[in-house]
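Enquirer: How does the following fold in three dimensions:
(2 chains)
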Amino acid sequence: MPTETSMNPSSSKVISLSLDTWVLIVAVVLALAVRFGILDNVPW
Amino acid sequence: MVSTAALSPVKSDSALLNAVRLVPGVVLLAAIGYAGKFLERFLNTYAKAHHWTFPNIEYVLWAILIGLAIANTVGVPKLFQAGIATYEFWLKLGIVLLGARFVLADVLKLGGISLALVVIEITLSLALMTFLGRMFKLKPKLTSLLAIGSSICGVSAIIAAKGAIDADDEDSSFAIAAILALGALALFTFPAIAHGLHMNDVSYGLWAGLGVDNTAEATAAGALYSDAAGKVAVLAKTARNAMIGFVVLAYAIYWAGRGQAEAVTNKAAFLWKKFPKFVLGFLLMSLLVGFHAFNKAQIGSLGNLSKWAFLLTFAGVGLRTNLRDMSKQGLRPFIVGALGEILIACLTLGLVVGANRIWGL
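Expert: Numbering: from 1, shown residues only, chains lettered A, B, ... in the order given. Got it, this is the predicted structure:
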């Protein structure tokens, strides 16, 4: 279960992230989108 | 944890390819989840229009059943597998966003009660599974994996422990299969028992969070009962998940002491490495709501986004449950797991009933 953010030595352009980091990034993006009205009244 | 690899591109040109590879499976998850939601609404409307008495079957169960039917009849083509493995990503994302539906005071109160019960549950589960493993003469490391899996958070805990105690692949496959099979059974038995006992939402949610091993199944078992029970189940399960580092560390030290695993040099770093970071996201979201960072409509939107994420998770729970593979894994680990789980379910039910009397849940 890799949990650290690390630069991949084989490529300086790509950052390899753990699943939990991806989850947190997407959650922050969604929360900001909701907060600033980009995602408005999400239906269920 | 397959999704970790799928979501961790190695080269820039393959990053896009990896992302594209996820699309068919994610679309399948969404389609099955939405079909479950559609079936729930359609059947209810149809039954009402024709004056039929038809039990309200939640979208959660439909999504799981459709996934189960596909996985165990036509099977899941390879094209879809990478995307289906993202069900854990959707599960964790759903949990983090669900944090917005909790007032911090509730998290502290229920989370505190959950933590107290979790400590008792973990101690009892570890002791019980170790005793059963010895009684049925299972390999010691398989017993350790089953004990860790049933006391904390199922598959993730087994995978986290596998490396730390240097267990072999066969043992971890056995333990994972047993935990998944028992989780699938719990999906149907827990809500039925709770309905029979007329449990309230909070008590049942706590029970599901404490008694069902895998996070996806615990979330589904809670949501099958009610929306409120689903929320509490996630909170209790999250409290349980947060303990993963301590238990795995204890086992790592135990096996290292016997010369059968690598010694742990930096315990604090080990704990941080094993700590499920998404739990911090859940707490942060709840904290932000406590500080009024979102208005009521925005909290509703975040809650609905969480439900959509769970919808994909529930479809994944059905799709990755292969009954044939599970039946091949051997009977003894399954019997030990099943016996342990039944006893743990009874013990946790007793704990929740006791907590209900003390704190009036």
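Enquirer: what does the helix or strand hosting residue A:29 rub up against?
Expert: Residue A:29 belongs to helix A:19-35 when assigned by DSSP states H and E. Outside helix A:19-35, the residues that touch it by CB atoms under 8 Å, 6 or more residues apart in numbering or on different chains are A:3, A:5, A:17, A:38-40, A:42, B:1, B:3-4, B:7, B:88-89, B:92-93, B:96-97, B:100, B:276-278, B:280-281, B:285, B:288, B:293-294, B:298, B:301-302, B:305. For every residue, glycine as well, the C-beta is placed using N, CA and C.
Enquirer: Pretty sure residue B:120 sits against residue B:351.
Expert: Yes. Checked against CB atoms under 8 Å, the pair residue B:120 and residue B:351 is within contact range at 6.1 Å.
Enquirer: of these two, who's got more company?
Expert: Neighbours per residue (other CB atoms under 10 Å in any protein chain shown) separate residue B:120 from residue B:351, with residue B:351 holding more: 20 against 15.
Enquirer: Now for residue B:16: which residues touch it?
Expert: Residues counted as contacts of residue B:16 (CB under 8 Å, 6+ apart): none.
Enquirer: Residue B:252 touches residue B:264, doesn't it?
Expert: Yes. Using CB under 8 Å, residue B:252 is in contact with residue B:264, at 5.2 Å.
Enquirer: so what sits against both of those two?
Expert: B:164, B:270.
Enquirer: So those two - more neighbours on which side?
Expert: Counted by other CB under 10 Å, residue B:252 and residue B:264 do not tie: residue B:252 has more neighbours, with 23 against 15.
Enquirer: What residues sit buried inside the helix or strand hosting that one?
Expert: Taking DSSP H and E as the definition, residue B:252 sits inside helix B:244-257. Neighbour-count burial for helix B:244-257 flags B:244, B:245, B:247, B:248, B:249, B:251, B:252, B:253, B:255, B:256 (criterion: 16 or more other CB atoms under 10 Å in any protein chain shown).
Enquirer: likewise stretch B:104-111?
Expert: B:104, B:107, B:110, B:111.
Enquirer: Turn the buried residues of helix B:244-257 into CSV, columns for pLDDT and distance to chain A.
Expert: Compiled in CSV, the buried residues of helix B:244-257 are given as follows (pLDDT from 0 to 100; distance: CB to the nearest CB, whole Å):
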residue, pLDDT, distance to chain A
B:244, 79, 9
B:245, 79, 11
B:247, 84, 14
B:248, 83, 10
B:249, 84, 14
B:251, 86, 15
B:252, 85, 13
B:253, 86, 18
B:255, 85, 18
B:256, 83, 19
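Enquirer: Please identify which pair of the residues you listed lies farthest apart.
Expert: The most widely separated members of the buried residues of helix B:244-257, counting by CB to CB, are B:244 and B:256 (17.9 Å).
Enquirer: where does the chain dip in pLDDT?
Expert: Chain wasn't specified; assuming chain A. Residue ranges of chain A with pLDDT under 70: A:1-15.
Enquirer: My question was about chain B, not that one.
Expert: For chain B, the ranges with pLDDT under 70 are B:1-13, B:54-56, B:153, B:169, B:326, B:328-330, B:361.
Enquirer: Now which of the contacts of helix A:19-35 would you call buried?
Expert: Burial by neighbour count, 16+ other CB under 10 Å: within the contacts of helix A:19-35 this picks out A:3, A:17, A:39, A:42, B:3-4, B:7, B:88-89, B:92-93, B:96-97, B:100, B:276-278, B:281, B:285, B:288, B:294, B:298, B:301-302, B:305.
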